[in-house]
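Visitor: okay, here's the prediction I keep looking at, along with the sequence it came from:
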Amino acid sequence: MSRQVIATAIGFTAILMWALLALFTAASGTMPPFQLTALTFAIGGSLGVVSWLFRPGSVKALKQPWPVWALGILGLFGYHFLYYTALRLAPPVEAGLIAYLWPLLIVVLSALLPGETLRWYHVAGSVFGLVGTILIVTKGQGIVIDWRYGPGYLAAFVCAFTWSGYSILSRRFASVPTDIVIGFCLVTAVLSGVAHLLFEETVWPDAASQWLAILGLGLMPVGAAFYVWDYGVKHGDIQVLGAASYAAPLLSTAILVLAGFADFSWAIGGAALLITFGAVLASKDLIVKSKD
């Protein structure tokens, strides 16, 4: 297989780990979002720091120009800050759907990158994924936009552009080692801690299972996932990764069903077909290349 196919596969593992986000979050108790973000990013960053014990020279990756740091901090902390702000100011279903426009935006904005060509099947595949996601989140009931929550919708929209912009612009810094993400995670943990102290009341877990869920969040969805995503968007097929990202809410819902936190419905089945078809359609070029 080509390096691009391997990098795309590595990036896709981030989507698999993000599918565990809802389950681990539900099992983590009632900790406020910024406090939970601070703890989990601290764990995720520490995961990388531990790896430096075996790769001491890799710490030099932190010595990067300010645009690299600005992009990473805006991408990781900015996305989460805007997402939680949107949830505070608007109904969570509508805010979540607007924020989850980022996979479609990645596909569309990828046309701005050197050497990338946007085809109709890239966009069509992403749209199928978006429709499938709407089915999952709304349970087939439709959505109602109430403009009284305009500030929340705006925060969600900017949130979507923030993560898609981070993913796209990371490609511009393809030569920067993924070890820099360790620094991004640690700074995000500190800034999230400050946001927690400013806006929230501290709530600590009262069961060992909740601490294990927090540890799981930090090790995978809010830890390793950001490392493999960085490698994937820098060296893989970013259009395929964007379209495939719509699999995250589908897989997340499937895990919740299997764990007993949700029930299976026709909407989930329909979403599975739409998202799967969309991902395959958007991956047309990659599939053909891998066969060749």
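Guide: Okay, I see it.

Visitor: from what I see, residue 202 and residue 35 are in contact.
Guide: Yes - assessed by Cβ atoms under 8 Å, residue 202 is found in contact with residue 35 at 6.2 Å. (Glycine included, C-beta is placed from N, CA and C.)

Visitor: intersection of neighbour lists for those two?
Guide: Common neighbours of residue 202 and residue 35 (criterion: Cβ atoms under 8 Å, 6 or more residues apart in numbering): residue 196.

Visitor: neighbour count: those two, which is higher?
Guide: Neighbour count, other Cβ atoms under 10 Å: between residue 202 and residue 35, residue 35 has more, with 20 against 9.

Visitor: what lies in contact with the helix or strand where that one lies?
Guide: According to DSSP states H and E, residue 35 maps onto helix 33-51. With contacts defined as Cβ under 8 Å, 6+ apart, helix 33-51 is touched by 25, 28, 31, 58, 76, 80, 84, 87, 179, 181-183, 185-186, 188-190, 192-193, 195-196, 199-200, 202-203, 214-215, 217-219, 221-224, 226-227.

Visitor: before we move on, what about stretch 155-164?
Guide: Outside stretch 155-164, the residues that reach it (Cβ under 8 Å, 6+ apart) are 74-75, 78-79, 82-83, 85-86, 89-90, 94-96, 98-103, 105-106, 109, 242.

Visitor: how about stretch 55-74?
Guide: So stretch 55-74 is contacted by 51-52, 162, 166, 169-170, 173, 176-184, 187-188, 191 (Cβ under 8 Å, 6+ apart).

Visitor: and the end-to-end length of that stretch?
Guide: Distance across stretch 55-74, first residue to last, is 27 Å (Cα to Cα, to the nearest Å).

Visitor: now do the buried residues in it.
Guide: Going by neighbour count (16 or more other Cβ atoms under 10 Å), the buried part of stretch 55-74 is 58, 61, 62, 64, 68, 71, 72, 73, 74.

Visitor: done for today, thanks.
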